[in-house]
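Peer 1: Need coordinates for the following:
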Amino acid sequence: MTVEQIDEGDASDHAAADIRVGRRIRALRLERHLGLTELAQRAGISVGALSQIERGLTSLRVRVLWPLAAALDVEPHSLISEGGEEAGDLYSVRANGRRQVPVWSEGIRKDLLSPPGAALTGLMVRVEPGCGAAAAYAHAGHEFGIVEAGELELTIDGVVYLLKAGDSFAFKSTLSHTFRNPGREPCTVLWVNTVKPSEVRGGG
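Peer 2: This is a model prediction of the structure:
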């Protein structure tokens, strides 16, 4: 197989994925009895951009994914999920079926641990050395976490906590909070929220 054939195959895969995502968004919009204009206004994007996404002519970007998911009242990952039996399980998430939640800050990765419709949102958060949330933020709900590896500098309502592996935390999400990894090794945190990722407007 030539390089050109490989590139063409990749392009075809991406195009097919864009079409699937577009159809999913259109189906959700129609299910909620929303017009193109109304959904575009709710998501803060142009009608033309939304139309191109629905027709699979444009890929769904991270900066559009979050507000669009919030406007449709769904988890961000549900818009880009490839489907399948494991992805559609109501009560469990397989280790190899975790979906990555888009983030706005560099050096942070969030994998969704909770299945669709769960009352709690479980995340496996990985923070690279020297990286962290772009700014302090607050939102509705409560959260709990435990540091599984590395170090986490967690600031809650102006108070700084240096947490290491085995340390845990819990606080009201309405308190201003932020986090970063001050260490030299990647930090992993099992993080649980009582709100959906789509309802969190700031942070990583």
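Peer 1: Quick check: can you list the domain ranges of the chain?
Peer 2: By the assignment in automatic domain parsing, the chain contains the domains 3-74, 95-199.
Peer 1: I'd guessed residue 103 sits against residue 110; true?
Peer 2: Yes. Residue 103 is within contact range of residue 110, at 5.7 Å (criterion: Cβ atoms under 8 Å). Where C-beta positions appear, they are placed from N, C-alpha and C, glycine not excepted.
Peer 1: neighbour-wise, which of those two wins?
Peer 2: More crowded of residue 103 and residue 110, by other Cβ atoms under 10 Å: residue 110, with 22 against 18.
Peer 1: Does the more buried one lie in a helix or a strand, and which?
Peer 2: strand 108-112 (DSSP states H and E).
Peer 1: Direction included, what does the following helix or strand past that strand pair against?
Peer 2: The helix or strand immediately downstream of strand 108-112 is strand 121-127, counting by DSSP H and E. Using DSSP bridges, strand 121-127 pairs in its sheet with strand 108-112 (antiparallel), strand 187-193 (antiparallel).
Peer 1: model confidence over the last one, on average?
Peer 2: Averaged across strand 187-193, pLDDT comes to 96.
Peer 1: what's the answer for the first one, then?
Peer 2: This predicted structure assigns strand 108-112 an average pLDDT of 93.
Peer 1: what does stretch 42-61 give?
Peer 2: The model assigns stretch 42-61 a mean pLDDT of 90.
Peer 1: What about residue 178, how many residues nearby?
Peer 2: 19.
Peer 1: close enough to count as contact, residue 178 and residue 155?
Peer 2: Yes. Judged on Cβ under 8 Å, residue 178 makes contact with residue 155 at a distance of 5.0 Å.
Peer 1: can you give me the strands in the protein?
Peer 2: Here the chain has its strands, by DSSP state E, at 99-101, 108-112, 121-127, 142-149, 151-156, 159-164, 168-172, 177-180, 187-193.
Peer 1: Could I get the domains of the chain in CSV, plus columns for distance to residue 80?
Peer 2: As requested, those are exported to CSV (distance: least, Cβ to Cβ, whole Å):
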stretch, distance to residue 80
domain 3-74, 6
domain 95-199, 8
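Peer 1: How many neighbouring residues does residue 191 have?
Peer 2: Residue 191 has 20 nearby residues by other Cβ under 10 Å.
Peer 1: so it touches residue 120, yeah?
Peer 2: No. In terms of Cβ under 8 Å, residue 191 does not count as a neighbour of residue 120; the distance is 10.7 Å.
Peer 1: CA-only coordinates of stretch 115-134 in CSV, if you can.
Peer 2: What follows is stretch 115-134, C-alpha atoms only, in CSV (Å, rounded to 0.1, in the frame of the first residue of the first chain):
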residue,chain,number,x,y,z
PRO,A,115,-21.7,5.4,32.0
PRO,A,116,-24.3,7.6,30.3
GLY,A,117,-27.1,8.7,32.6
ALA,A,118,-25.1,8.2,35.8
ALA,A,119,-25.9,10.7,38.6
LEU,A,120,-22.2,11.1,39.3
THR,A,121,-19.5,11.9,36.8
GLY,A,122,-16.3,9.9,37.5
LEU,A,123,-13.1,11.1,35.7
MET,A,124,-9.6,9.8,35.6
VAL,A,125,-7.6,13.0,35.4
ARG,A,126,-3.9,13.0,34.3
VAL,A,127,-1.9,16.2,34.8
GLU,A,128,1.5,16.5,33.2
PRO,A,129,4.4,18.1,35.3
GLY,A,130,4.1,21.9,35.4
CYS,A,131,0.6,21.9,33.9
GLY,A,132,-2.8,22.7,35.4
ALA,A,133,-6.1,24.5,35.0
ALA,A,134,-6.0,27.7,33.0
